[in-house]
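K.L.:
Take a look and give me a structure for this.
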Amino acid sequence: MIDKELLDILACPACKADVVLETVSGQEKIACTKCKRKYPVRDGIPIMLIDEAEQA
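P.N.:
Numbering: from 1, shown residues only. As a prediction, the model looks like this:
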């Protein structure tokens, strides 16, 4: 589980917008509120790389 304090300081690396935590099919993802990219979370660590993101 991602800590709320961490979410508060994270931003989308592509567009710099705020991000939120989503759970999709039991997997956590960090989702951008603006460009809608979804970044994976592996072993509790958000992978905030544009190349790793899923496009909406």
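K.L.:
The residue lying closest to Lys36 once chain neighbours are set aside: how many residues sit nearby?
P.N.:
Take Lys36 and drop its neighbours on the chain: the residue closest to it by C-beta to C-beta, 6 or more residues apart in numbering is Ala56, 3.2 Å away. Just so you know, the C-beta spots here come from the backbone N, C-alpha and C atoms, and that holds for glycine as well. Per other C-beta atoms under 10 Å, the neighbour tally for Ala56 reads 9.
K.L.:
Give me the distance between Ala56 and Glu28.
P.N.:
Per C-beta to C-beta, to the nearest Å, Ala56 is found 17 Å from Glu28.
K.L.:
do Glu52 as well
P.N.:
With C-beta to C-beta as the criterion, Glu52 and Glu28 are 14 Å apart.
K.L.:
For these two, indicate the residue with more neighbours.
P.N.:
Glu28 (17 against 14).
K.L.:
List the residues that contact that one.
P.N.:
Counting by C-beta atoms under 8 Å, 6 or more residues apart in numbering, Glu28 touches 1-2, 21-22, 41.
K.L.:
how about the strands in this protein?
P.N.:
19-24, 27-32, 38-42, 45-46 (DSSP state E).
K.L.:
List the buried residues of the second one.
P.N.:
Translated: strand 27-32. Buried positions in strand 27-32, judged by neighbour count with 16 or more other C-beta atoms under 10 Å: 28-32.
K.L.:
low pLDDT regions in the chain?
P.N.:
The chain contains no residues with pLDDT under 70.
K.L.:
thinking in terms of the whole chain, how far from its middle is stretch 47-56?
P.N.:
Its chain's average C-alpha position is 8 Å from that of stretch 47-56, according to C-alpha atoms, centre = their mean, to the nearest Å.
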